[in-house]
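Q: Sequence plus predicted model, see below.
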Amino acid sequence: MPFRQVGDLRIFEFKSFSSEVLTHGIVTRNGGFSSSPWNSLNVGGGLGDSEKIVEKNIRRIFDALGRAIVSKYDVWQIHSARFHVAELPYEQHRADILVTDNPELTLFMRYADCVPIMLYDPQAQAIALAHAGWRGIVENVPAVAVQALTSTYGSNPANIIAALGPAICKECYPVGVEVVDQLKQALGSDTTHTIVRRNGNPHLDLWSLCEMLLHRAGVNSIESASICTATNLDDWFSHRAEKGKTGRFAALLGLVG
C-alpha cells in the first residue's frame, strides 16, 4: 500500500500525484498527543479533545510534510457543496470545497468516514480539496469541485487528476430509504448500481458515487484508495464504527512552489 512513514506518522499518498509538483497526504490517526477516545492524532475541534493538543497534533503533521504551519488554509465543514477560493489573507468560511493556485497555501480538511477528494490540474497548476458524505454527494460535491476549478482557473476537466481517499465502505454503511430517495431524486436513476442490499437494508457505495459524478463532470483520471475507515480503526477514525466517540484525521494538499 502507498504509505510513507515519517517519524511516528503514517501517511497515505496517491500514486497519481508527483511529489515534485504537489505536497499531499492523508494522515492516519497515530503519532499524536490525544488521549482516548480521540487517540492519538486527532485534528478535529469541538469534539471534547483539548484544543491545545489538537493544535499540537496539526503542527506535527505540517512539520512531517514539510509545510509551514502558517500556510494552513481550512474551512468550517458543514456537509454542503459550497466552495471557497483560498487566497491571502486567510479567512475561515463555511464550506466543504477549497480551491487554490497559490503554492504558499496548504489546503487542510478533517474526516472520519466521508470521502476525501483531491483534484489537481497540471495545466492550470490549480488544486481542490473536498469533503463528501452522502449529503454532499446529494449536492454533487465532486462536480462542484471540478466546476470551481473550471470557473476560477479555466481548468479543462479532461486535464484534471482526481484522487479519492479512505472512507467508509459499502459493507459498513447502511442508510435509510429516505437517503436512497434523495440520491435518486438529485442524481438520477443510474445511481442504482451504487446502492447494494445487505440483509434487506440499503448500503451506500460512496466511492462509486464520487467516481460517477466525476466522470459526469468530465474527469477521466481517478485513483481510489479503497480503504475502509470503519474496518481499519488502527489507522483511521470512523464516526459510524466508533458511534460518534472519536476524532478526525487530516488530509492536506499543496502546490510545490
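A: Nice, I can see it. Keep in mind it's a predicted model, so treat the numbers as computed, not measured.
Q: so what secondary structure elements neighbour the helix or strand bottoming out on mean pLDDT in the chain?
A: Using mean pLDDT, DSSP states H and E, strand 195-198 stands out as the lowest-scoring helix or strand of the chain, at a mean of 88. Applying 3 or more CB pairs under 8 Å, 6 or more residues apart in numbering; DSSP states H and E, one finds that strand 195-198 makes contact with strand 201-204. Any C-beta I mention is one placed from the backbone N, CA and C, and that applies to glycine too.
Q: related to what we said a few turns ago, list the buried residues for the least confident helix or strand of the chain?
A: residue 195 (16 or more other CB atoms under 10 Å).
Q: do stretch 246-255 as well
A: 246-255.
Q: out of these, who's nearest residue 228?
A: Closest approach between the buried residues of stretch 246-255 and residue 228, by CB to CB: residue 249, at 13.4 Å.
Q: quick one: which of the buried residues of stretch 246-255 is nearest to residue 63?
A: Nearest to residue 63 out of those is residue 252 (CB to CB; 11.8 Å).
Q: Could you identify the longest helix within the protein?
A: helix 51-65 (DSSP state H).
Q: List the neighbours of that one that are in contact with it.
A: Here helix 51-65 makes contact (CB atoms under 8 Å, 6 or more residues apart in numbering) with 6-7, 9, 11, 23, 25, 27, 31-34, 40-45, 68-69, 71-72, 106, 108, 250, 252.
Q: which among those end up buried?
A: Among these, those buried by neighbour count (16+ other CB under 10 Å) are 6, 9, 11, 23, 25, 27, 31-34, 40-44, 71-72, 106, 108, 250, 252.
Q: would residue 193 count as being in a helix?
A: Yes - according to DSSP: H, G, I helix; E, B strand; the rest coil, residue 193 belongs to a helix.
Q: distance of the closest residue to it other than its chain neighbours from residue 176?
A: Leaving aside its sequence neighbours, residue 193 sits nearest to residue 208 (CB to CB, 6 or more residues apart in numbering; 6.8 Å). To residue 176, residue 208 is 19 Å away according to CB to CB, to the nearest Å.
Q: still on that earlier bit, what mean pLDDT does the longest helix of the chain have?
A: Mean per-residue pLDDT for helix 51-65: 98.
Q: What is the subsequent helix or strand relative to it?
A: As assigned by DSSP states H and E, the chain's next helix or strand after helix 51-65 is strand 72-73.
Q: Direction included, what does that following strand pair against?
A: In the sheet, strand 72-73 lines up against strand 106-111 (parallel) (DSSP bridges).
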